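Visitor: what would the 3D arrangement of this be:
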Amino acid sequence: MLRKALIGVGVLLGIVVLVSVMLYWRYYEPLPRCTPSSQADSLARCMMASVDKAAWDSLRYVSWSFMGQHDYVWDKWRYLVEVRWKDRRVVLHTNTLQGKVWIGDEEVVGKKANRLLRRAWTFFCNDSYWLNPVVKAFDPGTQRCLVTLEDGRQGLMVHYSSGGVTPGDSYVWILDNACRPLAWKMWVQVIPIGGVETTWEGWQQLPTGAWVATCHGALGRSMEMIQHLRTGNTLAALGLREDPFAHFRLALPSPPVQ
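Guide: Numbers count the residues shown, from 1 in each chain. Sure thing, here's the model as predicted:
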């Protein structure tokens, strides 16, 4: 029985490897080479204007669920976020990475708390980036350049040399005539196949006027990745009666300049 089981496992692993190699050769694209330019910067500014970055910056609170797995309440002005998954709850300061952790109703401390704080930070970096990466085209450590893709389309590459949990990632935006994203191609550490393309769909306009895409498609299938999205400049707008960050006792900075 053990020998048959081992043979079965070997066959399964062989199939996985074969499929992986086929997918790699079918979809892999090398990272395009390009030179940063003022034209690319202008296109990036046009892209950010198409989703109204100023309106996004003026927005204080955002809550959403990422693919039904991680739930967030984010106070953008105080750099605080509450992350929930399974029976875990983490309240995190996104600049200092300090925070508090609970499993169920019990607060966790020590090394276990540090591990969960780091995991919450990793979740937040990924999931908030999918929420609105358009406005991050000029983040510190970014470079922008224009590329011509293999199918002849022009793209705007944004390369992140620092920041987040996977510095070195690159994204090529494919835009419509109004500079709003239609799709992007990704060269990222978490995906072994370079140049994977996903669409940007399901655009929603938020109360401040900003736009975000909630759905993304690849290989002919679309998925609502940003779910239960609520925004506002009060917690009540999110349907919350209590401030989940009250115990931090942080002074509120002045609102962004309009």
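Visitor: for this structure, which segments count as helices?
Guide: For the chain, the helices defined by DSSP state H occupy 2-27, 38-50, 53-57, 110-131.
Visitor: which residues are in contact with residue 181?
Guide: By CB atoms under 8 Å, 6 or more residues apart in numbering, residue 181 lies in contact with 47, 50, 134, 173, 174, 175, 200, 213. The way it works is simple: take the backbone N, C-alpha and C, and place the C-beta from them, glycine included.
Visitor: what about residue 244, how many residues nearby?
Guide: By other CB atoms under 10 Å, 17 other residues sit near residue 244.
Visitor: surely it meets residue 92?
Guide: No: counting by CB atoms under 8 Å, residue 244 stays clear of residue 92, with 11.0 Å between them.
Visitor: common neighbours of those two, please.
Guide: With CB under 8 Å, 6+ apart as the test, residue 244 and residue 92 both reach residue 82.
Visitor: what's the weakest-modelled helix or strand in the protein?
Guide: helix 2-27 (a mean of 38; mean pLDDT, DSSP states H and E).
Visitor: where does the prediction get shaky in the stretch 1-150 of the chain?
Guide: Within the stretch 1-150 of the chain, the ranges that satisfy pLDDT under 70 run 1-27.
Visitor: phi first, then psi, for the residue nearest to residue 87 when sequence neighbours are not counted.
Guide: Distance criterion CB to CB, 6 or more residues apart in numbering; nearest residue to residue 87, sequence neighbours excluded, is residue 104 at 5.1 Å. The phi/psi pair for residue 104 (degrees, to the nearest 10) reads phi 70, psi -130.
Visitor: what about residue 104, distance to residue 247?
Guide: 18 Å (CB to CB, to the nearest Å).
Visitor: number of nearby residues for residue 86?
Guide: Count around residue 86 with other CB under 10 Å applied: 9.
Visitor: and it, its phi and psi?
Guide: Main-chain torsions, residue 86, degrees, to the nearest 10: phi 50, psi -130.
Visitor: quick one: residues contacting it.
Guide: Residue 86 touches nothing, counting by CB under 8 Å, 6+ apart.
Visitor: state the distance from it to residue 126.
Guide: If you go by CB to CB, the gap between residue 86 and residue 126 works out to 17 Å.
Visitor: also residue 247?
Guide: 26 Å.
Visitor: do residue 70 as well
Guide: 9 Å.
Visitor: cool, and residue 120?
Guide: On the measure of CB to CB, residue 120 and residue 126 end up 11 Å apart.
Visitor: verify the stated contact: residue 77 with residue 62.
Guide: No: taking contacts as CB under 8 Å, residue 77 lies outside contact range of residue 62: 11.0 Å.
Visitor: who has more neighbours out of these two?
Guide: residue 62 (22 against 17).
Visitor: count residues in the vicinity of the residue nearest to residue 123 when sequence neighbours are not counted, would you?
Guide: Excluding its sequence neighbours, the residue lying closest to residue 123 (CB to CB, 6+ apart) is residue 70, at 5.0 Å. Around residue 70 sit 18 other residues, with neighbours defined as other CB under 10 Å.
Visitor: and the gap between the nearest residue to residue 39 once chain neighbours are set aside and residue 133?
Guide: Excluding its sequence neighbours, the residue lying closest to residue 39 (CB to CB, 6+ apart) is residue 146, at 6.0 Å. In this view, residue 146 and residue 133 are 18 Å apart by CB to CB.
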